[in-house]
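Q: Provide a 3D model corresponding to the input given below.
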Amino acid sequence: MTTSALTEQTLAHAVWPSNNTLLHNGALAVLGSLALWVSAKISIPFWPVPLTMQTLVVLSLGMAFGAKLGMATVLLYLAQGAVGLPVFSGTPEKGIGLAYMLGTTGGYLIGFVLAAGVVGYLAERGWDRNPGTTLLAMLLGNLIIYAPGLAWLGAVVGWDKPLLAWGLTPFLLGDAVKIVIAALALPGIWRLVNRFKA
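A: Numbers count the residues shown, from 1 in each chain. Below is the predicted model of the structure:
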């Protein structure tokens with residue numbers, strides 16, 4: 001079986017089909033980058049740290065858009081930040097542009113791109129249509145965000161610092177909640193799409 005035969009329709013294209021792929025994908029990328037911008041500014045009181053929706057949106061966009069468009073959308077968002085738009089969490093208060101991106105969160109931003117690609121690849125193979133596989137894909141996506149995030153953090157602040165206490169453990173509970181939300185929401189949206197198509 002060829003790779004193309006394994007690829008399934010993405011959720012975004014099932015919800016909003018179009019014959020003009022370039023215009024359609026461009027519109028989705030812009031809308032997705034705006035969703036990332038908004039998600040970076042949301043802060044929900046939670047324990048032990050406030051909960052933002054950014055990783056949920058990054059991974060959901062990857063799964064809904066597929067690998068290439070998911071990565072392109074996150075790259076567009078990063079480009080918006082690189083030119084100085086206050087799209088990131090803590091901007092403009094903590095700086096903007098490349099100065100912010102090269103700070104302690106830079107590795108997580110790289111992880112966003114990689115994770116969107118991996119979960120998008122899995123979604124193209126139907127992983128977003130079942131709660132169990134969606135949960136696994138989201139878990140893998142989170143791990144992919146954390147790996148370069150912690151590596152970059154260590155390079156910036158020093159490997160002798162409590163990196164896990166600063167860049168991992170405070171976020172685990174919130175990320176678990178977001179993974180469960182995605183595992184319920186994405187297959188649920190697919191069921192609605194399939195019901196309307198029937």
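Q: which residues touch the spatially most central residue of the chain?
A: The centre of the chain sits closest to Val58, judged by C-alpha atoms, centre = their mean, with a distance of 1.4 Å. By C-beta atoms under 8 Å, 6 or more residues apart in numbering, the contact set of Val58 is Leu36, Val74, Phe112, Ala115, Ala116, Gly141, Ile145. From N, CA and C alone the C-beta is placed, and that goes for glycine too.
Q: Same check on Ala64?
A: Thr10, Leu11, Ala12, Gly70, Ala123, Asp128, Leu186.
Q: swap the cut-off to 6 Å and go again
A: Counting by C-beta atoms under 6 Å, 6 or more residues apart in numbering, Ala64 touches Leu11, Ala12.
Q: So for stretch 139-151, what gets flagged as buried?
A: For stretch 139-151, the neighbour count (16 or more other C-beta atoms under 10 Å) marks Leu139, Leu140, Gly141, Asn142, Ile144, Ile145, Tyr146, Ala147, Pro148, Gly149, Leu150, Ala151 as buried.
Q: Run through the protein and note the low-pLDDT ranges.
A: For the chain, residues meeting the criterion pLDDT under 70 lie at 1-7, 198.
Q: where do the helices sit along it?
A: Ranges of helices in the chain, per DSSP state H, are 3-6, 11-15, 21-41, 54-65, 67-82, 97-101, 106-123, 131-157, 163-167, 172-197.
Q: before we move on, the earlier item: would you reformat the buried residues of stretch 139-151 as a markdown table and include distance to Asn19?
A: Conversion of the buried residues of stretch 139-151 to a markdown table gives the following (distance: C-beta to C-beta, whole Å):
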| residue | distance to Asn19 |
| --- | --- |
| Leu139 | 36 |
| Leu140 | 33 |
| Gly141 | 31 |
| Asn142 | 36 |
| Ile144 | 33 |
| Ile145 | 34 |
| Tyr146 | 39 |
| Ala147 | 39 |
| Pro148 | 38 |
| Gly149 | 39 |
| Leu150 | 44 |
| Ala151 | 43 |
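Q: Many thanks, we can stop here.
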